[in-house]
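Undergrad: 3D model of this:
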Amino acid sequence: MSRIAYFGPQGTFTEQAARRLAPGEELLPAETIPAALAAVRAGEADAACVPIENSVEGAVTATLDSLSDAEPLVAVAEVLLPVHFSVLTRPGTTEIRTVASHPHALAQVRHWVEANLPGAHPVATSSTAAAAVAVDAGEFDAAVTAPVAVEHYPLAVLATEVADVRDAKTRFLLVRPPGELPSPTGADRTSIVAAATNRTGALAELLTELAVRGINLTKLDARPTRNNFGEYRFFIDFEGHVTEPRIGDALAALRRRCRNVRFLGSHPRADGGATEVEPGAANEDFTDAIDWVESVRKGAQA
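TA: Predicted structure coming up:
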């Protein structure tokens, strides 16, 4: 049985994602995202489940920063979860003055809280489940949590299916130390983090390397390097698998142009949509082109 660390404590959306990504495996809650990834790097867990982006609040910066620092980890699977919250209180609560949750969760129910709990003060916690723990301890009056939290804490359900954006989703990754990668499926995602030279047009040049090969960009985020003011590293997701000739060709070009490139994984996309390739940008086109150059070099044809 594998040990899967996840952003806990018990009762978070990440626990739900971990159950989907690693059914039947031993789940180890960690207090923070960096702690979950550190458990894998220290050999205390075989893999970790962490959130990477939300359709309302965008990238989870703690995950981005933790993946770009320390020993490399690579994503081998992902899952998309719809995000609807429950609001939990201690049994018998009649007045709600404070509502606690993770900042991303509070942002996704802000309008609901204003309409249904007027005057309640939002309070940020390290996770949605940590908010439930705090409410159970009497620190706050209500917690905005994942629905699964009520299974772990002796709290009453004040409301369910709470969300300002009804079709909000969060994407979660299963990451592990570098090793054998998942096989290509034709509907894959490759992720990297690249530190480009700080000069005019540097980012445009990186994106051009993808565009000229017909590779579809799916996500782009910038985070400071924390070394010098104004220096950034770019987290880039795009369709395709590292084993494909066109993806390998693009990665080689990015490696030449950047001060540093870290590979963050190639794995099946959760949406399952097949990758659409423009004419002249299919893997066969790249293979044929390479074969033609080799024949020219050998004098077999011109």
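Undergrad: contact partners for Ala30?
TA: Contact analysis of Ala30 by Cβ atoms under 8 Å, 6 or more residues apart in numbering lists 5-8, 36, 38-39, 48. Backbone N, C-alpha and C define where each C-beta goes, glycine included.
Undergrad: what distance do you get for it to Val74?
TA: In this view, Ala30 and Val74 are 19 Å apart by Cβ to Cβ, to the nearest Å.
Undergrad: what do you get for Ala130?
TA: Taking Cβ to Cβ as the measure, Ala130 falls 28 Å from Val74.
Undergrad: next: Gly24.
TA: 22 Å.
Undergrad: buried residues in stretch 132-145, which are they?
TA: By neighbour count on 16 or more other Cβ atoms under 10 Å, the buried set for stretch 132-145 is 132-136, 140-145.
Undergrad: next, format those as JSON lines and append pLDDT and secondary structure.
TA: Formatted as JSON lines, the buried residues of stretch 132-145 follow (pLDDT from 0 to 100; DSSP: H, G, I helix; E, B strand; the rest coil):
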{"residue": "Ala132", "pLDDT": "95", "secondary structure": "helix"}
{"residue": "Val133", "pLDDT": "95", "secondary structure": "helix"}
{"residue": "Ala134", "pLDDT": "96", "secondary structure": "helix"}
{"residue": "Val135", "pLDDT": "97", "secondary structure": "helix"}
{"residue": "Asp136", "pLDDT": "96", "secondary structure": "helix"}
{"residue": "Phe140", "pLDDT": "97", "secondary structure": "coil"}
{"residue": "Asp141", "pLDDT": "97", "secondary structure": "coil"}
{"residue": "Ala142", "pLDDT": "97", "secondary structure": "strand"}
{"residue": "Ala143", "pLDDT": "97", "secondary structure": "strand"}
{"residue": "Val144", "pLDDT": "97", "secondary structure": "strand"}
{"residue": "Thr145", "pLDDT": "96", "secondary structure": "strand"}
